[in-house]
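>>> Mind folding the following:
(one chain, ligands or ions: 1)
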Amino acid sequence: MMSWPPHMAPFLWGVATSSHQVEGNNDNDWTEWEACGHVPDRSGASCLHYEKYNQDLDLIAQVGVNAYRYSVEWSRIEPEPGQFNPDALDHYRAMTESVIRHHLEPVITLHHFTLPKWFARQGGFFHPRAPWYFERYVQQVLATLGDLARFYITINEPMVYAVMGYGTGQWPPGHKSLKELWQIAPRLLACHRQAYHQIKLRRSDAMVGIAHHLLAFEPYNEYSWLDRQNARILHYLFNHRFIQWAQNTQDFIGVNYYTRQYARHRHFLVPVMHKPGHLLTDMGWEIYPDGLEKILVALKRFDKPLLITENGIATTNDGVRQQFLLDHLTAVSRAQNQGVMVRGYFYWSALDNFEWAEGFRPRFGLIRVDYDTQQRSMQESAALYRSIIDSNRDHWPLNVPPKPEQRVFGL
Ligand code: FCB
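Take a look at the predicted model:
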């Protein structure tokens, strides 16, 4: 296992995006899905980040972060099997150079939900040669970016990808099959492992991980033994099983944390989203900062450095976003005080963007985007994030300021 590189910033303060959600004008399995009417909006031009990345990086640098997590789009890089597009590769190289010029550590995701159409048509990760296809693509990315970028996330949220694409069928390929849901995870793992070794071959000091979506599962009725057991099973199957499988091929564990869900024995393995009366975000997700502390503390058993690769809120009320940020960073510092090795925090998202099943309605950005004019404007929460970062550059554990004025409600 790699230890944390000694010359690295003591803490990666970042923001995150993914290619399909911000770039605009993509052509992949998701755009096909959108064209079939599965999503209220089509991603279309989105934020035009593919063209405007320099301008966006100027703004991101103003937030005061020292890292940027973004993904490279497989469908642009390999639009046809085995045919690699030099323009797309040049683009990501120029963009990564610009990230570095902006004094940001690049953290590159190789697969963030979208697939080239040719690969999706052949069954995607169920294709018997999927690990080999994925490795061939990763090889090209490393040949292009390997000297510039040290941090790689092979797969974003394998369990969400499995559940949404093969369990509930709400995302492409839209299958609802218990059997496929069960079988897809080991396939993703095989692709991850192959990519991990390929990256290490090209760059032995690379830091490679997976971004896992972790949910704080709790019993609906804490006095019910069956609900408690159901929560434990969900926690294992959804949160920890994949991490355990990939134990020897992760230099860090990426944590995407958003919310809590409730386990109820009457709905075995199908969690309930929230209880009546809870504060919800514009995604309908409960705001539950304590869950982040619990999730982080529970990861201690894996004895790996942790990067919070996503945490954020969809809201049009920026005061609520500020409170969210403070409360979640306070939860991180509580976890650090219990000996958890948290090495970075990435707010989701740098910019408002296209959300997978909801389209453009949810607003996650520290930077607001007017989709009609493509104008950007900084939210107040970006200034708050900056002030927290400034007072914690070398602070360990994090020292998050007490809450300003009073709590902000009104979701
Ligand atoms: C995560 C995804 C990310 C974004 C946020 C809101 O599950 O990784 O792309 O959609 O949720």
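>>> quick one, helices of the stretch 1-150 of the chain?
Under the criterion DSSP state H, counting those that start in this stretch, the stretch 1-150 of the chain contains helices at 19-22, 29-35, 49-62, 74-77, 86-101, 117-121, 130-145.
>>> Which residues outside the third one are in contact with it?
Looking back up the chat, that one is helix 49-62. For helix 49-62, contacts defined as C-beta atoms under 8 Å, 6 or more residues apart in numbering pick out 15, 17, 22-25, 47, 68, 91, 95, 98-99, 102-104, 350-351, 367, 374, 376, 378, 382, 386. (Glycine included, C-beta is placed from N, CA and C.)
>>> where does this structure come near the ligand, residue by residue?
With C-beta under 6 Å from any ligand atom as the criterion, the chain comes near the ligand at residues 18, 21, 156-157, 160, 213, 256, 310, 348, 355-356.
>>> which of the residues you listed has the most neighbours?
When neighbours are taken as other C-beta atoms under 10 Å, the top entry among the residues of the chain next to the ligand is Gln21 (28 neighbours).
>>> Next up, the contacts around that residue.
Taking C-beta under 8 Å, 6+ apart, one finds 43, 46, 112, 349, 353-356 in contact with Gln21.
>>> ok, 10 Å please
30, 43, 46-47, 49, 70-71, 112-114, 348-349, 351-356, 364 (C-beta atoms under 10 Å, 6 or more residues apart in numbering).
>>> just Gln122 next, same as before
Contact analysis of Gln122 by C-beta under 10 Å, 6+ apart lists 81, 115-116, 128-130, 133.
>>> CA atoms only: put stretch 88-103 into CSV for me.
In CSV, the C-alpha atoms belonging to stretch 88-103 read as follows (Å, rounded to 0.1, in the frame of the first residue of the first chain):
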residue,chain,number,x,y,z
ALA,A,88,-9.7,14.8,-27.3
LEU,A,89,-6.5,13.6,-25.8
ASP,A,90,-4.8,16.9,-26.6
HIS,A,91,-7.7,18.7,-25.0
TYR,A,92,-7.4,16.8,-21.7
ARG,A,93,-3.7,17.4,-21.7
ALA,A,94,-4.1,21.1,-22.3
MET,A,95,-6.8,21.2,-19.6
THR,A,96,-4.7,19.3,-17.1
GLU,A,97,-1.7,21.7,-17.8
SER,A,98,-4.1,24.5,-17.1
VAL,A,99,-5.2,22.9,-13.8
ILE,A,100,-1.6,22.7,-12.7
ARG,A,101,-0.9,26.3,-13.8
HIS,A,102,-3.8,27.3,-11.5
HIS,A,103,-1.9,25.6,-8.7
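>>> Let me see the backbone angles for the spatially most central residue of the chain.
In the chain, the residue lying closest to the centroid (C-alpha atoms, centre = their mean) is Glu310, at 4.7 Å. Main-chain dihedrals, Glu310, degrees, to the nearest 10: phi -160, psi 140.
>>> Please apply the same query to Asn28.
Backbone torsions for Asn28, taken as degrees, to the nearest 10, come to phi -150, psi -170.
>>> What about the closest residue to it other than its chain neighbours, how many residues nearby?
Spatial nearest neighbour of Asn28, excluding adjacent residues (C-beta to C-beta, 6 or more residues apart in numbering): Ser75 at 3.7 Å. Neighbour count for Ser75, taken as other C-beta under 10 Å: 23.
>>> Ser333: neighbour count?
Neighbourhood size, Ser333 [other C-beta under 10 Å]: 17.
>>> in what helix or strand does it lie?
helix 318-337 (DSSP states H and E).
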